[in-house]
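> predicted coordinates and the sequence they were generated for:
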Amino acid sequence: MSPLTITDIRTILTAPAGSRLIVVKVITSEPGLYGVGCATFTQRHLAVKVAVDEYLKPLLVGRDPQRIEDIWQTSWVNSYWRNGPVLNNAISGVDIALWDIKGKLAGMPVYQLLGGKCREAAAIYRHADGRDEKELEENVRRYMEEGYHYIRCQIGGYGGRTPITRKPEGALPGAYFDPVAYAHAIPRMFEYLRSQLGDEIELLHDVHERLEPIHAVRLAKELERFRLFFLEDPLPPEQSEWFRIIRQQCATPIAMGELFNHPLEWIPLVTNRLIDFVRAHISQLGGITPAKKMATMAELHGIRTAWHGPGDVSPVGHAANLHLDVSSQNFGVQEWSGFPDPLPEVFPGCPQVRNGYMYPNDQPGLGIDINEKLAAKYPCPDGPPTWTLTRTPDGTPVRP
Ligand code: MG
């Protein structure tokens, strides 16, 4: 029997539910044996496609797809200059597909290769928002009735939606928000929610880096009495030294990390126990291979996982998250924003969600596929995103 080799690597771009998704398909010399991986960097989808098609494919065709670690390491250093979302997402597309192939070869779901289940399903958190507190409460109650126990609460999206009335003349267009008004509104919101909903439900909030560091410290202190499950991204990665100050001031649990690229960004936060949840976008790390290492290191330091899982993670990426969730002792919670139509049709084998829990199926590999013909009916829109053109009231461009 001739040795198993990678014969082709294809990049599939599709936007069935609006978000631009990037899925990589690794095809092998064994007829019918292939794997799928998520490489979704939705804001720069074409750059990822070039990185896969023009660099990884020529590097990897002819290699043994069973050598996942070797392929990850050689892909990572082959460019010499490494890291960053484009190259990491490209590597992830291949890496996750190789885990899918290995599971198919073994006749086992990927979670078995990662050590087997240590829970039956992953607890999910949903996103509730509203124009005001009353509308938010109604949306939270709707999720509670559907069986969800963890709910992220926002008013008016990231940074709030206070009308901006004090722009200077000539202020440039952008997605304006007022960080000070936002910082005042959030403790009021949780005061209201706890008074209406009681203590049983787990509540979360995402700051999305919208505050000055000292205001993030104050907010974390003010929210301590509302016993959040976690406060997400109160600081940008560039200001991670401030996490120590938050820790010294309060016991609000902190989640961090959808922007993490490189281990040097998160190792100090984990080893010094300055955060409580690692929240990486696993394709941004480079796939299952580095995410498993991050999860294990976090476990050894008493820190849990809460992998990034919004609509701009493909269902293939959600399946990869889920196989890590059910096999990692230190799983915390899994973000999920639904699989609206036609995603389940484009991605046969989408994980099932029932009564607040997401369940993997027991098919070999990741248990998910892509219908390429159908995916082609939903082309990705061109151009840069606009929601990231964020500005504060005097017109200063800031992090989104
Ligand atoms: Mg977030």
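Perfect, thanks for sending it. Numbers count the residues shown, from 1 in each chain.
> can you give me the helices for the stretch 51-200 of the chain?
Secondary structure of the stretch 51-200 of the chain (DSSP state H, counting those that start in this stretch): helices located at 57-60, 68-78, 85-106, 110-113, 133-145, 179-197.
> just for the stretch 201-350 of the chain, where's the confidence low?
Counting by pLDDT under 70, the stretch 201-350 of the chain contains no low-confidence range.
> quick one, helices of it?
Using DSSP H, counting those that start in this stretch, helices in the stretch 201-350 of the chain cover 213-223, 243-249, 263-271, 282-285, 288-300, 315-327, 343-346.
> okay, these in CSV with mean neighbour count next?
Using the backbone N, CA and C atoms, a C-beta is placed for each residue, glycine as well. Listed next are these as CSV, based on neighbours: other C-beta atoms under 10 Å:
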stretch, mean neighbour count
helix 213-223, 19
helix 243-249, 16
helix 263-271, 17
helix 282-285, 28
helix 288-300, 20
helix 315-327, 27
helix 343-346, 19
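> if we can go back for a sec, can the helices of the stretch 51-200 of the chain go into JSON lines with extra columns for distance to residue 388 and mean neighbour count?
Listed next are the helices of the stretch 51-200 of the chain as JSON lines, based on distance: least, C-beta to C-beta, whole Å; neighbours: other C-beta atoms under 10 Å:
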{"stretch": "helix 57-60", "distance to residue 388": "29", "mean neighbour count": "17"}
{"stretch": "helix 68-78", "distance to residue 388": "27", "mean neighbour count": "16"}
{"stretch": "helix 85-106", "distance to residue 388": "13", "mean neighbour count": "26"}
{"stretch": "helix 110-113", "distance to residue 388": "32", "mean neighbour count": "21"}
{"stretch": "helix 133-145", "distance to residue 388": "24", "mean neighbour count": "16"}
{"stretch": "helix 179-197", "distance to residue 388": "16", "mean neighbour count": "17"}
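> how about these, which one is nearest residue 238?
Each of those was scored for nearness to residue 238 using C-beta to C-beta, and the closest is helix 85-106 (15.1 Å).
> quick one, that closest one and helix 315-327 angle?
70 degrees (axes from the mean of the first three to the mean of the last three C-alpha atoms, to 10 degrees).
> how far off centre is helix 85-106?
16 Å (C-alpha atoms, centre = their mean, to the nearest Å).
> for stretch 182-193, same thing?
On the basis of C-alpha atoms, centre = their mean, stretch 182-193 sits 25 Å off its chain's mean C-alpha point.
> what does it rub up against?
133, 136-137, 140, 153, 155, 159-160, 162, 203, 205, 210-211, 215, 218-219, 222-223, 226, 228 (C-beta atoms under 8 Å, 6 or more residues apart in numbering).
> quick check: domain ranges of this protein?
Domain assignment for the chain by automatic domain parsing gives 6-109, 112-363.
> for residue 397, find the nearest of the ones you listed.
Across those, closest to residue 397 is domain 112-363 (C-beta to C-beta), at 7.0 Å.
> I'd assumed residue 59 was in contact with residue 78.
Yes: using C-beta atoms under 8 Å, residue 78 is in contact with residue 59, at 5.8 Å.
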